[in-house]
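**Student:** could you look at this predicted model? Sequence included:
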Amino acid sequence: MRLIRLMWVVLAGVSFSIGVLGIFLPLLPTTVFMLMAVYCASKGSPRFEAWIRSRHYVGPLLVTWEQERAIPRRAKLAAVSMIALSALITAWSLGPGWQRWLVVALLMLIALWLATRPEPSASNE
């Protein structure tokens, strides 16, 4: 039993670390890894789960996503801007060919999906 709890905590720690990287790297999704970290931590360490939820840079995002499946405007703007920058860099740096346009199209689809997510209600911001 103790080994299983330890594995949940390790998985939560890895997910949290990748999520933190996602704050700074445009192609890594922060929210997905933070949700996974919270889930895993809830299985292995409720104290770690509470700690993740108390972080000011992800706690409110987790709550709004879990309750409303919503993303705050500021987070959407930052994410879509970074994705657009990534698309420009990709289009500029990859050589001619269909691969670069496939990557750019995929990035634009992700940005469109993000941009169309609802914003949190006033009571949850």
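**Tutor:** Received it, and whenever you're ready, just let me know what you need. Numbering: from 1, shown residues only.
**Student:** what about Leu25, distance to Leu3?
**Tutor:** Separation of Leu25 from Leu3 (Cβ to Cβ, to the nearest Å): 32 Å. Where you see a C-beta, it was placed from the backbone N, CA and C, and this is true even at glycine.
**Student:** between the two, which one's more packed in?
**Tutor:** Per other Cβ atoms under 10 Å, whichever of Leu25 and Leu3 has more neighbours is Leu25, with 13 against 6.
**Student:** if I look at the residue positioned nearest the centre of the chain, how far off is Leu62?
**Tutor:** Note on the chain: the residue nearest the mean C-alpha position is Thr30, at 2.1 Å, using Cα atoms, centre = their mean. Thr30 sits 10 Å away from Leu62, going by Cβ to Cβ.
**Student:** so what touches the lengthiest helix in the chain?
**Tutor:** If you go by DSSP state H, the chain has its longest helix at helix 2-24. Applying Cβ atoms under 8 Å, 6 or more residues apart in numbering, the contact partners of helix 2-24 are 28-34, 36-41, 43-45, 48-49, 52, 57-58.
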